[in-house]
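Student: sequence unavailable; structure follows:
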């Protein structure tokens, strides 16, 4: 009977988007690949913040459920979570791909009933050596300090997520804030399996500069600066 319950575990993969037609097909494709993935155990939801490109068309053509909301990643993911059918929610950035066997890895992690939240190891799709240093830093930050960002594909127990208040519609730092509250409910599990995320945001502002900026915003958040103000600064520079 236990084996039957495990096989029936349903995961809803929630992908927040805003003009992501260049990367979305690859992202959804990574969700749907693998022998263990089928419509009975995996639901794909794309929650779009009013894109002006072909994002929603691509999502629909690939079989994803499409929900349109106001812009704001925290708000978008909360809206999708409210109507998701899975007992496990996995939040996936539109420029990030899941590894082969991701479903089994998540299911295995959630077999431990004490685990309330989990995430993958991070890898970046670039051959530059500086990114290997960055990956090691992210691994240390995740395993030693339990600081998880959304590009690591956070997964949670749906009911615990809702009980904890979800992402609270936050426009920035919604991932750090949510994981912190989820860790108060149960254990955090960081998987050995790695997602692959785009290098674009580091290349756009520089690897070192972007990393320093992320640390600065994290510090400001913990000092009490509002996510709304941080969001305005983040997207205006």
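Tutor: That came through fine. If you're wondering where the values come from, they're calculated on a predicted model, not measured in any experiment.
Student: for this structure, what spans make up the strands?
Tutor: Applying DSSP state E to the chain gives strands spanning 11-17, 42-48, 65-68, 88-91, 96-97, 115-124, 154-157, 187-197.
Student: format those strands as a markdown table; extra columns: mean neighbour count, distance to residue 208 and mean pLDDT.
Tutor: Bear in mind the C-beta positions are built from the backbone N, C-alpha and C, glycine included. Formatted as a markdown table, the strands of the chain follow (neighbours: other Cβ atoms under 10 Å; distance: least, Cβ to Cβ, whole Å; pLDDT from 0 to 100):
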| stretch | mean neighbour count | distance to residue 208 | mean pLDDT |
| --- | --- | --- | --- |
| strand 11-17 | 26 | 27 | 98 |
| strand 42-48 | 23 | 33 | 97 |
| strand 65-68 | 16 | 37 | 98 |
| strand 88-91 | 25 | 27 | 98 |
| strand 96-97 | 24 | 22 | 97 |
| strand 115-124 | 24 | 14 | 97 |
| strand 154-157 | 26 | 26 | 98 |
| strand 187-197 | 18 | 18 | 97 |
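Student: out of the ones you listed, nearest to residue 205?
Tutor: Nearest to residue 205, of all the strands of the chain, is strand 115-124, at 14.3 Å by Cβ to Cβ.
Student: and that closest one, which strands flank it?
Tutor: strand 154-157 (antiparallel), strand 187-197 (parallel) (DSSP bridges).
Student: turn the strands of the chain into TSV, including distance to residue 138.
Tutor: Formatted as TSV, these follow (distance: least, Cβ to Cβ, whole Å):
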stretch	distance to residue 138
strand 11-17	20
strand 42-48	25
strand 65-68	30
strand 88-91	17
strand 96-97	13
strand 115-124	5
strand 154-157	14
strand 187-197	10
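Student: sorry, back to before: distance to residue 220 added to the strands paired with strand 115-124, as TSV?
Tutor: What follows is the strands paired with strand 115-124, written out as TSV (distance: least, Cβ to Cβ, whole Å):
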stretch	distance to residue 220
strand 154-157	21
strand 187-197	23
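Student: quick check: which of these is nearest to residue 101?
Tutor: That would be, of the strands paired with strand 115-124 and by Cβ to Cβ, strand 187-197, which comes in at 6.8 Å.
Student: show residues contacting the closest one.
Tutor: Residues outside strand 187-197 that contact it (Cβ atoms under 8 Å, 6 or more residues apart in numbering): 92-93, 95-99, 101-102, 105-106, 109, 112, 114-125, 142-143, 146, 148, 151-153, 179, 182.
Student: for the residue lying closest to residue 184 once chain neighbours are set aside, what are its contacts?
Tutor: Computed as Cβ to Cβ, 6 or more residues apart in numbering, the closest residue to residue 184 that is not its neighbour in sequence is residue 164, at 7.8 Å. Neighbour list for residue 164: 178, 181-182, 184-185 [criterion: Cβ under 8 Å, 6+ apart].
Student: recalculate using a threshold of 7 Å.
Tutor: Contacts for residue 164 were tallied using Cβ atoms under 7 Å, 6 or more residues apart in numbering; they are 181-182, 185.
Student: now it: phi and psi?
Tutor: Residue 164 has phi and psi values of phi -80, psi -10 when expressed as degrees, to the nearest 10.
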